[in-house]
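> no letters, just coordinates:
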């Protein structure tokens, strides 16, 4: 069937394939994060910019499956808040990047990011991964055994 034929047919909702608990929407949040390329560190940065206290462990727990030890249920309200915060963060970063593109340089970008209350979105994620790999955050080297 051609796409033009599909446009003329009536839309039908898909059947409900799972029970939905609005307090346990991790499966939906994981799907949104995958499609929109949203990382837990970006969510943390966005929520901090919105003055919402959260840590990277909590943000990672929202994308964990309920069989994992670090699972923490995310609600529909949290998903909406997270998405709105990420959108605002991305808009702010895009605006700062446009200033840099206009020739204002890295110093202008850094000061604009600081003024907006935004840090390096990837810094906390890199630090977390370094700790998981056993790399010392201070000098970037692995601690000596023994």
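In hand now; what should we look at? Since the model is a prediction, treat every value here as computed from it, not as a measurement. Numbers count the residues shown, from 1 in each chain.
> how many other residues sit next to residue 86?
Summarising burial for residue 86: neighbours were counted as other CB atoms under 10 Å, giving 22. Placement of C-beta: from N, CA and C, glycine included.
> in the helix or strand containing it, which residues are buried?
Remark: residue 86 resides in helix 76-99, with elements defined by DSSP states H and E. The neighbour-count criterion (16 or more other CB atoms under 10 Å) identifies 78-79, 81-83, 85-86, 89, 92-93, 96 as the buried residues of helix 76-99.
> flag every buried residue along stretch 50-67.
Counting neighbours by 16+ other CB under 10 Å, one finds that the buried residues in stretch 50-67 are 50, 54, 56, 58-63.
> pLDDT on that stretch, on average?
Per-residue pLDDT values over stretch 50-67 give a mean of 95.
> likewise for stretch 39-47?
97.
> likewise stretch 83-101?
Computed over stretch 83-101, the average pLDDT equals 88.
> run a quick neighbour tally on residue 28.
Taking other CB under 10 Å as the neighbour definition, residue 28 ends up with a count of 14.
> ditto for residue 7
A total of 8 residues lie near residue 7 under the criterion other CB under 10 Å.
> next one: it from residue 13, what distance?
In this structure, residue 7 lies at 17 Å from residue 13, with CB to CB, to the nearest Å as the measure.
> same question for residue 49.
Counting by CB to CB, the gap from residue 49 to residue 13 is 36 Å.
> so those two - more neighbours on which side?
More neighbours sit around residue 49 than around the other of residue 49 and residue 13, counting by other CB under 10 Å; the figures are 18 against 5.
> you'd agree the more buried one is up against residue 90?
No - distance between residue 49 and residue 90: 10.8 Å, which falls outside the contact criterion (CB atoms under 8 Å).
> name the residues contacting each of those two.
With contacts taken as CB atoms under 8 Å, 6 or more residues apart in numbering, not a single residue reaches both residue 49 and residue 90.
> quick check: closest non-adjacent residue to residue 60.
Nearest-residue entry for residue 60: residue 40, 4.7 Å, with adjacent residues in sequence omitted and distances by CB to CB, 6 or more residues apart in numbering.
> right, and residue 38 touches residue 32 too?
Yes - the pair formed by residue 38 and residue 32 meets the contact definition of CB under 8 Å, at 6.8 Å.
> neighbour count: those two, which is higher?
In this view residue 38 and residue 32 are compared by other CB under 10 Å, and residue 38 has more residues nearby, 20 against 16.
> thanks a lot, see you next time.
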